[in-house]
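In: My questions are about this predicted structure, shown below with the sequence.
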Amino acid sequence: MYRSGVRELEGSTYRLNRQQYNRVLLNMRIITDSFIGYFGEDEFVELVGNPAGFSALCISAGLEDYSANSVLYVLTALKDSLTSDMGVGVAGGAFTERFVVPKEIERLG
């Protein structure tokens, strides 16, 4: 049986408003703080890198559908919720944020 780590993401017109994003951000802060506190940074990076783990993270953050937009919202919430004292950071992003990755890596490092 062949298993791939690549997932087909369908683009959708599903958009979050600010209130829904704040709910996802609050959930993400609670999840990341608890998970890193219990299991550590290495296990958290493995969770985010695993397609099934990332899908579970999307669902537990409060996003019902798993689309390309959901991935964008979860990664943005992760970037906003992770702090430097947690030992994990997210660099890059969508649109123009993808061009400032070297500066963000220096800031995180």
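Out: Okay, I see it.

In: buried residues in the lowest-mean-pLDDT helix or strand in the chain?
Out: For the chain, using mean pLDDT, DSSP states H and E, the weakest element among its helices and strands is helix 101-108, scoring a mean of 78. Buried positions in helix 101-108, judged by neighbour count with 16 or more other Cβ atoms under 10 Å: E104. From N, CA and C alone the C-beta is placed, and that goes for glycine too.

In: Identify all contacting residues around it.
Out: Applying Cβ atoms under 8 Å, 6 or more residues apart in numbering, the contact partners of helix 101-108 are 84, 89, 91-92.

In: my read: L75 touches G93, true?
Out: Yes: counting by Cβ atoms under 8 Å, G93 is a contact partner of L75 at 7.1 Å.

In: Tell me who's in contact with the residue sitting nearest the centre point of the chain.
Out: For the chain, L75 is the residue whose C-alpha lies nearest the centre (Cα atoms, centre = their mean; 3.0 Å). By Cβ under 8 Å, 6+ apart, the residues touching L75 are 90, 93.
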